[in-house]
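S.K.: Structural data only, the sequence is not supplied:
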């Protein structure tokens, strides 16, 4: 059974990994990275009628797991 959203795991299970064309430094931990990890978001609760998708994705630094800004063109159009 997967952990509940309220109980963080020590190591996240990445949905995917994307290679950067050129290495860069993470703005949070300052480590040079050449890949971005992708985690899937799943809506677990909402107290109103939501027009937002039920699923989404977030990109993170593979070293410190800080959320980073990135565009993932093809997978952002997917609706749950």
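M.R.: Here it is on my side, so go on. Please read all numbers here as calculations on a predicted model, not as lab measurements.

S.K.: Regarding the most centrally placed residue in the chain, what is its secondary structure?
M.R.: By C-alpha atoms, centre = their mean, the chain has its centre lying nearest to residue 58, at 2.5 Å. Look at residue 58: counting by DSSP: H, G, I helix; E, B strand; the rest coil, its state is strand.

S.K.: What separation do you get for residue 62 and residue 27?
M.R.: Noted for residue 62: a distance of 14 Å to residue 27, by C-beta to C-beta, to the nearest Å. Placement of C-beta: from N, CA and C, glycine included.

S.K.: neighbour-wise, which of the two wins?
M.R.: residue 62 (15 against 10; other C-beta atoms under 10 Å).

S.K.: which residues touch that one?
M.R.: By C-beta atoms under 8 Å, 6 or more residues apart in numbering, the residues touching residue 62 are 14, 17, 33, 35, 36, 37.

S.K.: before we move on, what SS does the fourth one have?
M.R.: To tie it back to what came earlier, the one meant is residue 35. strand.

S.K.: Quick one: neighbours of it, just the number.
M.R.: For residue 35, the count of nearby residues is 14 (other C-beta under 10 Å).

S.K.: what's the spacing between it and residue 62?
M.R.: Note on residue 35: its distance to residue 62, by C-beta to C-beta, is 6 Å.

S.K.: what touches both of these two?
M.R.: Counting by C-beta under 8 Å, 6+ apart, the residues touching both residue 35 and residue 62 are residue 17.

S.K.: Now do the nearest residue in space to residue 56 that is not next to it in sequence, the pLDDT please.
M.R.: Excluding the flanking residues, the one nearest residue 56 by C-beta to C-beta, 6 or more residues apart in numbering is residue 41, at 4.2 Å. pLDDT, residue 41: 84.
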